[in-house]
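*Asks:* My questions concern the predicted model and sequence given below.
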Amino acid sequence: KAVREHHGKKLLARHVKEVSQGKHVIDDRSVLITPLTDFNDIVAQEPWLLETKLVVKPDQLIKRRGKAGLVGIKLDWEGVKEWIGE
């Protein structure tokens, strides 16, 4: 069964912390945006989205997403919303 990148990173972060008994911790802050996502609700649940630079990319099996212009880097929340709208 295929695993979304978002869920895979969450699993990896959890298990690395467990296996290392807390010695190693991976920052797993991420959100999965779908067509049904309400941008105001997601910010209320994840306020760090307004406080840090973000990376946005499609969660698809596409090779060389960066070369194809399918990765937005160092965006603020407004930039992410614009990137998704394109």
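*Replies:* That came in fine, so what should we check first?
*Asks:* contacts for the helix or strand of the chain with the lowest mean pLDDT?
*Replies:* Lowest on mean pLDDT, DSSP states H and E among the helices and strands of the chain sits helix 5-19, with a mean of 88. Identification of contacts with helix 5-19 by Cβ atoms under 8 Å, 6 or more residues apart in numbering yields V3, H24, V25, I26, D27, D28, S30, V31, L32, D59. Heads up, the C-betas are built off the backbone N, CA and C, glycines and all.
*Asks:* Of these, which is the nearest to D38?
*Replies:* Closest to D38 out of the contacts of helix 5-19 is V31 (11.8 Å), distances taken as Cβ to Cβ.
*Asks:* what residue lies at the spatial centre of this structure?
*Replies:* Nearest to the geometric centre of the chain sits S30, at 3.6 Å (Cα atoms, centre = their mean).
*Asks:* For S20, see how far away that residue is.
*Replies:* 20 Å (Cβ to Cβ, to the nearest Å).
*Asks:* repeat for F39
*Replies:* Distance, F39 to S20, using Cβ to Cβ: 35 Å.
*Asks:* which stretches of the chain form strands?
*Replies:* 54-56, 72-75 (DSSP state E).
*Asks:* which of those strands is buried the deepest?
*Replies:* Between these, strand 54-56 has the highest mean count of neighbours, a mean of 16, where neighbours are mean count of other Cβ atoms under 10 Å.
*Asks:* Output the contacting helices and strands for that strand.
*Replies:* Contacts defined by 3 or more Cβ pairs under 8 Å, 6 or more residues apart in numbering; DSSP states H and E place strand 54-56 against strand 72-75, helix 77-85.
*Asks:* Can you check which of these gets nearest to W48?
*Replies:* Among those, the nearest to W48 by Cβ to Cβ is helix 77-85 (10.0 Å).
*Asks:* How far does that closest one sit from its chain's centre?
*Replies:* 13 Å (Cα atoms, centre = their mean, to the nearest Å).
*Asks:* Against K81, how distant is the residue of the chain most remote from its centre?
*Replies:* Most distant from the centre of the chain: Q21, at 25.0 Å, with distances by Cα atoms, centre = their mean. The gap separating Q21 from K81 is 39 Å, by Cβ to Cβ.
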